[in-house]
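Peer 1: Sequence and computational prediction follow.
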Amino acid sequence: RERYGPDSGYARIRKLEEPGFVLDLAAAFARVGLPATARVLALGVNTGDELALLAERVPGLADHGTLVGVDHSAGALAVARARFPAPRHRFAVADLADLGALDLGRFELVIALGTLQSPGVDDRAVLRRVVQDHLAATGAIILGLPNCRYLDGELQHGARMKNFREPELGLVVKDLAFYRKYLQQHARQVFVTGQHYLLVTAVPTAPAR
């Protein structure tokens, strides 16, 4: 059974039923301001919850845009394909280290929610590859760093670490600092928002007048 497949314990998590998560992510989508014809890449897309919310917030995106999702769970991607059956949309079973072999092209928005912090993922290498090879010149990025955990399906704020009674934010802060600096170096204005998921939203820097 797939660890993150539709029959796994992970499938019990319903992010779109968490008001705080929905409001924070919807605000990030509004900050990006996508057109209905945009190309969107979701890394670690699983069953496509973030794409469903995005399509709801950007009228016409599911009909006129292109949604591409990458995940290692074939079962989860089968659910995502059923949600977005149009031929223009694409869902690929692949490891994030193999993005270069997928011939993905460039995108107006790249989303990775709770993906870069997954075990075995080199988050720095994936982010560099995305920016250099898959982000359009005027493209935006939304990265979600989990600052929560689920126990028996219940959301709890703060990521606990072994031998710590309270949440320890050292690793999260380190990742945030790297992402922010790297994206600023690539002509992006960066916003850090959210609570249960800390969202790093990077949009093109406005040209100087």
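Peer 2: Great, that's in hand. Residues are numbered from 1 along each chain as shown.
Peer 1: List the contacts of the most centrally placed residue in the chain.
Peer 2: Among the residues of the chain, the one closest to the centroid is Ala112, at 2.1 Å (Cα atoms, centre = their mean). Applying Cβ atoms under 8 Å, 6 or more residues apart in numbering to Ala112 gives the contacts Ala42, Leu43, Gly44, Val126, Val130, Ile141, Ile142, Leu143, Gly144. To be clear about C-beta, it is placed using only N, CA and C from the backbone, and glycine gets the same treatment.
Peer 1: Closest one to Thr66 out of those, please.
Peer 2: Ala42 (11.6 Å; Cβ to Cβ).
Peer 1: Could you pull up the contacting residues of that closest one?
Peer 2: Counting by Cβ under 8 Å, 6+ apart, Ala42 has contacts Gly48, Glu50, Leu51, Leu67, Val68, Gly69, Val70, Val110, Ile111, Ala112.
Peer 1: who wins for neighbours among the contacts of Ala112?
Peer 2: Note: the member of those with the most neighbours is Leu143, at 30 neighbours, neighbours being other Cβ atoms under 10 Å.
Peer 1: That one sits in which helix or strand?
Peer 2: Assigning secondary structure by DSSP states H and E places Leu143 in strand 135-146.
Peer 1: What is the neighbour count of Asp133?
Peer 2: Applying other Cβ under 10 Å, I find that Asp133 has 12 neighbouring residues.
Peer 1: thought it was touching Ala101?
Peer 2: No. The pair Asp133 / Ala101 is not scored as a contact, 11.4 Å apart, by Cβ atoms under 8 Å.
Peer 1: shared neighbours of these two, anything?
Peer 2: With Cβ under 8 Å, 6+ apart as the test, Asp133 and Ala101 reach no residue in common.
Peer 1: thinking Gln184 is in contact with Val190, fair?
Peer 2: Yes. At 5.7 Å, Gln184 and Val190 qualify as touching, with contact defined as Cβ under 8 Å.
Peer 1: okay, those two: which has more neighbours?
Peer 2: Ranked by neighbour count (other Cβ under 10 Å), Gln184 and Val190 place Val190 first, with 18 against 13.
Peer 1: show me the contacts for that one.
Peer 2: Listed by Cβ under 8 Å, 6+ apart, the contact set of Val190 reads Tyr179, Arg180, Leu183, Gln184, Val200, Thr201, Ala202.
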